[in-house]
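*Asks:* got a sequence here, can you build the structure:
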Amino acid sequence: MSAQQQFQAQPTDIILSSAPKAGTTWLKSLLFATITRASYDDSTSPLFSKSSHECVPFMELDHAHFHTHRDLGVPVLSTHLPYSSLPKSVVDCGCKIVYVCRDPKDLFVSLYHFVVRFLGTQNTQLVGLDEALELLCKGECFYGPYWEHVLGYWKASQEHPDKILFFKYEAMMDDTVFIC
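*Replies:* Numbers count the residues shown, from 1 in each chain. Prediction:
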């Protein structure tokens with residue numbers, strides 16, 4: 001909620017959006033490397049010493065420090081927020097949005113293993129695979145129902161193709177040379 005109220009997007013910002021486990025980390029690395037390619041040579045890129053999540057912060061977690069990234073010439077921020085929950089300034093200012101979706105079956109498997117690894121360190125009762133799938137199918141998951149998340153950005157990309165790039169994780173896998 002804080003990001004929605006306080007974050008002020010600029011027209012030069014690039015917002016990377018995806019549902020959790022849909023290719024966020026890979027796309028963060030690609031965007032950061034592309035945008036900063038003139039600033040670093042291959043041996044000095046921060047991607048060799050930091051995670052892509054440190055190089056491209058999450059709007060929900062790090063919006064208060066984003067001005068520092070802009071000042072360094074890295075106007076990229078990521079989010080898992082549905083399109084309908086984006087801060088008004090993101091929708092209205094004309095900044096670019098890059099959205100990646102993933103085959104729901106593959107997303108589910110990746111998300112399930114991620115959650116099991118995380119919760120396993122928290123001494124928390126783990127949910128079984130069948131129950132987790134049922135929750136996903138009901139739309140009871142992080143950031144709301146998966147299909148609503150995807151469709152929100154899909155519809156927005158159809159209305160604003162000059163502002164929103166919508167593509168599939170599987171297309172990135174099939175043609176990594178084009179993506180790079």
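*Asks:* I'd assumed residue 167 was in a strand, is it?
*Replies:* Yes - under DSSP: H, G, I helix; E, B strand; the rest coil, residue 167 falls within a strand.
*Asks:* residue 58 contacts residue 52, correct?
*Replies:* No - the criterion here is C-beta atoms under 8 Å, and residue 58 misses it with residue 52 at 11.0 Å. To be clear about C-beta, it is placed using only N, CA and C from the backbone, and glycine gets the same treatment.
*Asks:* just the mean pLDDT for stretch 162-178, thanks.
*Replies:* When pLDDT is averaged over stretch 162-178, the result is 86.
*Asks:* which residues touch the longest helix belonging to the chain?
*Replies:* The residue-count maximum for a helix in the chain (DSSP state H) belongs to helix 104-120. Applying C-beta atoms under 8 Å, 6 or more residues apart in numbering, the contact partners of helix 104-120 are 19-22, 102, 126-127, 129, 132-133, 136, 141-142, 146-147, 169.
*Asks:* try it again with 10 Å
*Replies:* 18-23, 101-103, 124-129, 132-133, 135-137, 141-142, 146-147, 150, 169-170, 173 (C-beta atoms under 10 Å, 6 or more residues apart in numbering).
*Asks:* tell me which helix or strand comes right after the helix or strand bottoming out on mean pLDDT in the chain.
*Replies:* Ranking every helix and strand in the chain by mean pLDDT, DSSP states H and E puts helix 66-71 at the bottom, with a mean of 57. Next along the chain after helix 66-71, taking DSSP states H and E as the criterion, comes strand 76-79.
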